[in-house]
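K.L.:
I would like to see how this sequence folds:
(one chain, ligands or ions: 1)
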Amino acid sequence: MGVDMASPELRWWDSEVGYEVYIRSFADGNGDGVGDFVGLTEKLDYLAWLGVGIVWVTPFYPSPMRDFGYDVADYVGVDPLFGTLEDFDVCVAEAHRLGLRLIIDLVPNHSSDQHPWFQASQADPDGSMRGYYHWRDPALGGGPPNNWVSHFGGSAWTFHEASEQYYLHLFLSEQPDLNWSNPNLVLEFDRVLEFWLDRDVDGFRIDVAQGLIKNMLMPDNPQLRPITPDMTPRQAFVCFDHRYDLDQKGNTAIYRRWRSIVEPRDGLLLGEVYLRDNNPDKVSRYVATQDGLHRAFYFAPMHTPWEPSAIWSTFRNALDAAPRDLSWAVSSHDDPRAPSRFSPKQPATDNIGQERALAYAVLLFALPGLPFLYQGDELGLVDVEVPIEQLRDPVAVRNQNPGDGRDGSRTPMPWEPGLTGGFTTSTEPWLPVSRSDAETVAAQRDNPRSLLAKHRELLALRRELSDLHGAELEWITGTDHLVISFQRGDCMCALNLADTQTALTLPPGKWRLAYSSKRQAGEMQESSIQLDSPEGVLLVKATS
Ligand code: GLC
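P.N.:
Next up, the predicted model:
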């Protein structure tokens with residue numbers, strides 16, 4: 001492909017910040033309590049006003065919704081719950097009219113058990129669709145073929161009485177894993193990508209991008225620790241070295257193929273490379289060769305506590321492994337929200353978590369790579385405590401383990417004060433809405449000191465400061481310092497991780513405070529800056 005590894009050309013996503021729309025919870029256009037395309041389309045002007053460049057929409061395909069859309073029954077349609085294909089087309093056209101790019105969530109690791117492919121695969125053991133999934137005989141003494149476990153609890157194998165074989169599912173039993181060693185399946189997905197590119201999408205977020213290829217001999221995964229009954233499914237999952245089910249070498253060949261499909265249309269390939277050990281060297285393999293994924297989400301920043309050495313090693317290691325191709329999310333629909341993660345008290349009784357989350361966003365926005373906000377991050381939204389009887393996430397509901405569920409970060413976007421937050425006209429949103437009036441868009445939109453205003457200012461600056469789009473990173477402080485700071489061209493970023501104010505000596509030159517998570521921007525006379533706790537800043541070198 002003739003890529004210059006030293007200074008790759010800038011692409012459209014280099015100057016943009018992404019925004020994750022969890023479609024069920026963003027905006028409900030038809031009053032049934034669930035978000036949809038009509039609702040999203042109406043709110044696109046809000047995203048343009050906020051300064052977002054890329055909108056990632058979570059799965060909206062026809063689905064039995066066992067995993068709320070991540071169980072796809074038709075890869076080329078829209079579930080009636082979310083609207084029609086025409087509604088989708090209108091949404092894309094409106095996004096483009098407003099200067100936004102729209103990428104969609106592709107779920108290639110598994111389908112729904114209601115997908116016609118799986119239905120045929122199950123019905124006819126001798127048919128051509130059998131090989132679209134992983135079917136195996138029981139182990140010699142009976143029972144599942146190997147010791148693989150599902151992310152969502154229990155064995156990764158379900159027995160099918162009629163054919164006396166097991167099928168593989170790394171998530172729910174209603175999410176059978178597709179067999180990416182089957183060339184016909186590979187061709188099917190070429191057509192899926194082309195279908196959506198023809199409908200003008202700007203790229204794909206690839207779900208479980210680390211999982212597609214399996215070791216077809218299916219050996220047992222080495223077990224690292226015993227599983228105890230009190231463990232959550234996610235804790236049980238990391239009791240194994242996932243040597244044979246995840247992160248297999250063949251995955252990258254699939255992304256090289258897809259790269260050749262999206263490149264002529266200038267599309268973005270952004271992978272969810274979710275490795276439980278968060279090893280950045282492994283994640284970097286998906287992007288380093290510059291001919292596979294364009295960007296890979298790196299999840300360690302969402303799992304790192306507010307602790308200087310932990311934050312330092314997270315970012316030093318990641319940027320050593322992949323200096324410019326990672327993607328950073330403040331929060332997501334799978335993890336606790338940043339203000340909740342960073343709050344010293346659970347549940348939060350002060351706003352320290354929110355202050356830390358904004359300061360952290362300054363860091364993520366200034367790093368090389370592609371930063372993402374999750375809907376509500378801009379409002380400082382904390383996780384909502386969902387009463388047990390209203391929990392919906394199968395991880396919580398099926399395992400009677402509310403602590404491990406993801407509903408708290410998936411509650412509807414609070415647009416206005418009120419019981420349903422202006423999210424829906426129904427009295428029954430699918431999950432309860434945050435009850436804090438201060439956390440609504442309406443309450444913050446016209447207040448220049450609100451978190452919403454502070455995020456908007458940060459987004460505008462990220463777009464304006466072109467050194468943040470391509471310049472190399474040079475560390476200013478070392479890992480023993482309580483301030484993490486670096487320079488990129490004529491910009492510098494600093495984040496105070498200490499519990500107290502901390503002084504930072506600035507590199508030579510005259511600097512202007514372009515942004516602070518805590519105070520007004522402005523000229524600076526001094527050659528050092530006294531950073532508040534917590535505070536994230538961006539400084540720009542004065543040219544004269
Ligand atoms: C990804 C999604 C998550 C989903 C899982 C299975 O991790 O982000 O929400 O449950 O894949 O598709």
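
K.L.:
Isn't Leu482 up against Pro308?
P.N.:
Yes: with contacts defined as C-beta atoms under 8 Å, Leu482 counts as touching Pro308 at a distance of 5.3 Å. (Glycine included, C-beta is placed from N, CA and C.)

K.L.:
Give me the common contacts of these two.
P.N.:
The overlap between the contact sets of Leu482 and Pro308 (C-beta atoms under 8 Å, 6 or more residues apart in numbering) consists of Leu497, Ala498.

K.L.:
Can you pull up the residues of this structure that come close to the ligand?
P.N.:
Taking C-beta under 6 Å from any ligand atom as the measure of proximity, the chain contacts the ligand at Asp67, Tyr70, Val107, Phe171, Asp207, Val208, Glu272, Tyr274, His333, Asp334.

K.L.:
Now flag whichever of those residues is closest to His294.
P.N.:
When those are compared for distance to His294 (C-beta to C-beta), Glu272 wins out at 13.4 Å.

K.L.:
so what's that closest one bridging to?
P.N.:
Applying DSSP bridges to Glu272 yields these beta-bridge partners: Phe297.

K.L.:
ok and the residue in the stretch 251-400 of the chain nearest the ligand?
P.N.:
Asp334 (4.8 Å; C-beta to the nearest ligand atom).

K.L.:
How about the secondary structure of that residue?
P.N.:
Following DSSP: H, G, I helix; E, B strand; the rest coil, Asp334 is assigned to coil.

K.L.:
correct me, but Val433 touches Thr420?
P.N.:
Yes: when contacts are counted by C-beta under 8 Å, Val433 is listed as touching Thr420 (5.5 Å).

K.L.:
Compare neighbour counts for these two and give me the winner.
P.N.:
In this comparison of Val433 against Thr420, neighbours counted by other C-beta atoms under 10 Å, the higher total goes to Val433 at 22 against 19.

K.L.:
How about the contacts made by the residue of the stretch 251-400 of the chain closest to the ligand?
P.N.:
Contacts of Asp334 were listed using C-beta under 8 Å, 6+ apart, and they are Arg406, Ser409.

K.L.:
what helix or strand is Ser485 on?
P.N.:
In this structure, Ser485 sits in strand 483-488 according to DSSP states H and E.

K.L.:
Which neighbours in the sheet does that strand have, and how are they oriented?
P.N.:
Using DSSP bridges, strand 483-488 pairs in its sheet with strand 473-475 (antiparallel), strand 491-496 (antiparallel).

K.L.:
In CSV: the ones you listed, plus mean neighbour count and mean pLDDT.
P.N.:
Rendered in CSV, the data for those read as follows (neighbours: other C-beta atoms under 10 Å; pLDDT from 0 to 100):
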stretch, mean neighbour count, mean pLDDT
strand 473-475, 15, 98
strand 491-496, 25, 98
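
K.L.:
any idea where the strands of the stretch 1-150 of the chain begin and end?
P.N.:
Under the criterion DSSP state E, counting those that start in this stretch, the stretch 1-150 of the chain contains strands at 18-21, 54-57, 101-106, 135-136.

K.L.:
Could you dump those into CSV with mean neighbour count added?
P.N.:
As requested, those are arranged in CSV below (neighbours: other C-beta atoms under 10 Å):
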stretch, mean neighbour count
strand 18-21, 24
strand 54-57, 24
strand 101-106, 23
strand 135-136, 16
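
K.L.:
could the ones you listed be laid out in JSON lines, adding mean pLDDT?
P.N.:
What follows is the strands of the stretch 1-150 of the chain, written out as JSON lines (pLDDT from 0 to 100):
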{"stretch": "strand 18-21", "mean pLDDT": "99"}
{"stretch": "strand 54-57", "mean pLDDT": "99"}
{"stretch": "strand 101-106", "mean pLDDT": "98"}
{"stretch": "strand 135-136", "mean pLDDT": "98"}
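
K.L.:
so can I have JSON lines of those strands showing distance to Gln487?
P.N.:
Shown next, in JSON lines, are the strands of the stretch 1-150 of the chain (distance: least, C-beta to C-beta, whole Å):
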{"stretch": "strand 18-21", "distance to Gln487": "24"}
{"stretch": "strand 54-57", "distance to Gln487": "26"}
{"stretch": "strand 101-106", "distance to Gln487": "29"}
{"stretch": "strand 135-136", "distance to Gln487": "54"}
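
K.L.:
looking at those strands, which is closest to Gln375?
P.N.:
Comparing the strands of the stretch 1-150 of the chain by C-beta to C-beta, strand 18-21 comes nearest, at 5.8 Å.

K.L.:
In terms of secondary structure, what does the closest one contact?
P.N.:
Using 3 or more C-beta pairs under 8 Å, 6 or more residues apart in numbering; DSSP states H and E as the contact test, the elements touching strand 18-21 are helix 37-50, strand 54-57, strand 370-374.

K.L.:
that older thread, what touches both of Val433 and Thr420?
P.N.:
In the contact map built from C-beta under 8 Å, 6+ apart, the residues linked to both Val433 and Thr420 are Pro412.

K.L.:
Endpoints of stretch 410-426, how far apart?
P.N.:
18 Å (C-alpha to C-alpha, to the nearest Å).

K.L.:
Could I get the average pLDDT for it?
P.N.:
For stretch 410-426, the mean per-residue pLDDT is 97.

K.L.:
same question, stretch 141-151
P.N.:
Computed over stretch 141-151, the average pLDDT equals 97.

K.L.:
List the buried residues in stretch 291-306.
P.N.:
Buried positions in stretch 291-306, judged by neighbour count with 16 or more other C-beta atoms under 10 Å: 292-302, 304, 306.

K.L.:
In these, find the pair that's most separated.
P.N.:
Using C-beta to C-beta, the buried residues of stretch 291-306 reach their maximum pairwise distance at Gly292 and Trp306, which is 33.1 Å.

K.L.:
ok, how many other residues are close to the closest residue to the ligand within the chain?
P.N.:
The chain approaches the ligand most closely through Tyr70 (3.3 Å), counting by C-beta to the nearest ligand atom. By the criterion of other C-beta under 10 Å, Tyr70 has 23 neighbours.

K.L.:
Please apply the same query to Glu188.
P.N.:
Glu188 is surrounded by 15 other residues when neighbours are defined as other C-beta under 10 Å.

K.L.:
just the angle between the helix or strand harbouring it and strand 101-106, please?
P.N.:
The secondary structure element spanning Glu188 is helix 183-198 (assigned by DSSP H and E). Here the directions of helix 183-198 and strand 101-106 differ by 160 degrees (axes from the mean of the first three to the mean of the last three C-alpha atoms, to 10 degrees).

K.L.:
So for helix 183-198, what gets flagged as buried?
P.N.:
By neighbour count, and taking 16+ other C-beta under 10 Å as the criterion, the buried residues in helix 183-198 are Leu185, Val186, Phe189, Val192, Leu193, Trp196, Leu197.

K.L.:
Would you check that Ala348 makes contact with Val384?
P.N.:
No: between Ala348 and Val384 there is no contact, the gap being 11.6 Å when judged by C-beta under 8 Å.

K.L.:
Name the nearest residue to the most centrally placed residue in the chain, sequence neighbours excluded.
P.N.:
Central residue check for the chain by C-alpha atoms, centre = their mean: the C-alpha nearest the mean position is that of Ser332, 5.2 Å away. Counting by C-beta to C-beta, 6 or more residues apart in numbering, Ser332 lies nearest to Tyr374, which is 5.3 Å off, once chain neighbours are set aside.

K.L.:
all helices for the stretch 251-400 of the chain, in order.
P.N.:
251-262, 280-284, 300-303, 308-321, 338-341, 352-366, 394-397 (DSSP state H, counting those that start in this stretch).

K.L.:
and His469, that's in a helix?
P.N.:
Yes: the secondary structure assignment for His469 places it in a helix, going by three-state DSSP.

K.L.:
what sits against it?
P.N.:
Leu10, Asp14, Ser15.
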